[in-house]
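K.L.:
Next one to model:
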Amino acid sequence: VSVRAVKIHGLENITRHIGIIRNFGLEPIIAINKFPGDCENDIDRIRKHCNLLGIESYLSEAVTRGGNGAIALAEACVRNLQNRRSGFKLLYNDRMPIREKVEIVAKQVYGAEGVDYSRNAAASLNHIKDLGLQRLAINIAKTQFSLSDNPKLKGAPGRWRLKVKDIRIFAGAGFIIPVCGDIMLMPGLPQKPAAWNIDTDEHGRIKGLF
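P.N.:
Numbering: from 1, shown residues only. Sure, this is the predicted structure:
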């Protein structure tokens, strides 16, 4: 975790992320990433909060001290791998309907109360079923600024519903992509990307940009 991010999102955000990892049958270790100017009082708050949740936390000063600043964290991770048996489990199995998979992720990962589909998204669910693609994994596209699909909802918001406005099929990659909120997906590259035409001439001037 970043100390600055905790000041923005709050300790409840850490709690939610710990809960997410535990839902997968794993026990996390928290890395407290210290940057120049971070307050020791804020770091102590994070440590105490992790202790209350029964979670190990270690200070990482890799930003200012390089590898030497993360030795304790690395050693703790190694101990964790050596001494704890993995209880990893998937949240859903691939035989479940897409609608059920999305609801499980929305509730158990993001903390939503449920999922709402636009008319187009609901029609896409039927199309996916007709194509026999229900066994594909889901990969939800939404804002990175919130656990919800609304970038303005910080921390660990409650009493909200995930809004799916579109569903894309990426059959080659093996994913169904529910598109939530106002987010733009990266366009796919053509067979010959424009970058192949970019170069410099003998005078060091860039050519091929346009």
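
K.L.:
so which strand or helix has residue 8?
P.N.:
Using DSSP states H and E, the element containing residue 8 is helix 3-9.

K.L.:
So which elements touch that helix?
P.N.:
Under the contact criterion of 3 or more CB pairs under 8 Å, 6 or more residues apart in numbering; DSSP states H and E, helix 3-9 touches helix 11-23, helix 40-52. Any C-beta I mention is one placed from the backbone N, CA and C, and that applies to glycine too.

K.L.:
in the first one, what counts as buried?
P.N.:
Using 16 or more other CB atoms under 10 Å as the test for burial, helix 11-23 gives 11, 13, 14, 15, 16, 17, 18, 20.

K.L.:
mind giving me a markdown table with those and columns for pLDDT and distance to residue 84?
P.N.:
As requested, these are exported to a markdown table (pLDDT from 0 to 100; distance: CB to CB, whole Å):
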| residue | pLDDT | distance to residue 84 |
| --- | --- | --- |
| 11 | 95 | 25 |
| 13 | 94 | 25 |
| 14 | 95 | 20 |
| 15 | 96 | 21 |
| 16 | 96 | 22 |
| 17 | 96 | 19 |
| 18 | 97 | 15 |
| 20 | 97 | 18 |
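
K.L.:
which one among those gets closest to residue 27?
P.N.:
Among those, residue 18 lies closest to residue 27 (CB to CB), at 9.1 Å.

K.L.:
roughly how far apart are that closest one and residue 129?
P.N.:
35 Å (CB to CB, to the nearest Å).

K.L.:
Also residue 87?
P.N.:
As defined by CB to CB, residue 87 lies at a distance of 33 Å from residue 129.

K.L.:
Which one's more surrounded, the two?
P.N.:
residue 129 (13 against 10; other CB atoms under 10 Å).

K.L.:
Contacts only, for the more buried one.
P.N.:
With contact set as CB atoms under 8 Å, 6 or more residues apart in numbering, residue 129 has these partners: 97, 98.
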